[in-house]
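K.L.:
please find the sequence and the predicted model below.
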Amino acid sequence: MKYPGQELENFDKATVWRKYVYFEIKKFIIGNTLEVGAGIGSFTNNYKHLVKNLTLSELDEENFQYIKKKFESENIKITNSLTENINESFDTIMYLNVLEHIKDDIEEINQAFKKLNKNGHLIILVPAHNKLYSKFDKEIGHHKRYEMEFFKNININSSEISKIIYLDATGYFLYYLNRIFFKEEVYPSKLKIFLWDKFFTPITFFLDKILLNRVGKNIIYILKKL
């Protein structure tokens, strides 16, 4: 499997955004942990100190080799196996901006849930609102953006939703305006990413709380195995 790589390099600089995501999910990251589709390890650096046993999976060969080298001095297992072929169980499994790249997303969720230990958590971060689907989404291999109802309608026995919220209200409005005024743009410029991350993300941290996480361009969904 091959993913376009330019967006990974550009968004690797979005350090404030990833810290915000980390703040929202950190209490659910425990025990033996699997991050599916780790990319170039941008999210990994934020949470790796929380767990003793960490596995990163990545199907793209270039990214796989990149994170093998990046984390070679650390006690982190790197694999290029599909989730269904990883013969291990986990307390935490994460898909951070990954599920939208997987066509059969429901099957992937079911496969991941089977590998969760009791009281373990499945943590998913995805882009929200298919009406915002853009040339950028298409170019980087997103099959769709997600609606809240998609996750609320998932029916898996012995599970309960621990958290489901929108994130980045400011980004939602910026994304919408960008679609109107920059219709032909595929990749956002480094300047736009810088301004969104360093200026607007700190604002959205407070705005999301004011709006009770009812508006945003991303969804965080956390499912617990009972």
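P.N.:
Done, it's in.

K.L.:
so how far is stretch 45-52 from its chain's centroid?
P.N.:
Offset of stretch 45-52 from its chain centre (Cα atoms, centre = their mean, to the nearest Å): 16 Å.

K.L.:
next one: phi and psi at the residue nearest in space to the middle of the chain?
P.N.:
Nearest to the mean C-alpha position of the chain, counting by Cα atoms, centre = their mean, stands Leu96 at 1.6 Å. Backbone torsions of Leu96, given as degrees, to the nearest 10, read phi -100, psi 100.

K.L.:
and it, bridged to which residues?
P.N.:
Assessed by DSSP bridges, Leu96 has beta-bridge partners Leu125.

K.L.:
now do the same contact list for it.
P.N.:
Going by Cβ atoms under 8 Å, 6 or more residues apart in numbering, Leu96 touches 21, 35, 37, 43, 123-125. (Each C-beta comes from the backbone N, C-alpha and C, glycine too.)

K.L.:
go again with 7 Å.
P.N.:
Residues counted as contacts of Leu96 (Cβ atoms under 7 Å, 6 or more residues apart in numbering) are 35, 43, 125.

K.L.:
from these, pick the one nearest His142.
P.N.:
Nearest to His142 among those is Leu125, at 13.1 Å by Cβ to Cβ.

K.L.:
need the pLDDT of the closest one.
P.N.:
With respect to pLDDT, Leu125 scores 98.

K.L.:
equivalent analysis for the one 3 residues further on, please.
P.N.:
pLDDT for Ala128: 97.

K.L.:
now it, nearest residue through space, not along the chain?
P.N.:
Nearest non-adjacent residue to Ala128, counting by Cβ to Cβ, 6 or more residues apart in numbering: Ile219, 4.7 Å away.

K.L.:
quick check: that neighbour touching Tyr166?
P.N.:
Yes. Applying Cβ atoms under 7 Å as the test, Ile219 and Tyr166 come out as touching, 6.0 Å apart.

K.L.:
quick revisit: how about the secondary structure of the residue nearest to Ala128?
P.N.:
Here Ile219 is recorded as strand under DSSP: H, G, I helix; E, B strand; the rest coil.

K.L.:
hey, what's it bridged with?
P.N.:
Beta-bridge pairing for Ile219 (DSSP bridges): Val126, Tyr166.

K.L.:
OK, contacts around it?
P.N.:
Neighbours of Ile219 in contact, by Cβ under 7 Å, 6+ apart: 126, 128, 146, 148, 151, 166.

K.L.:
could you measure Ile156 against Lys225, distance?
P.N.:
9 Å (Cβ to Cβ, to the nearest Å).

K.L.:
no further questions, thank you.
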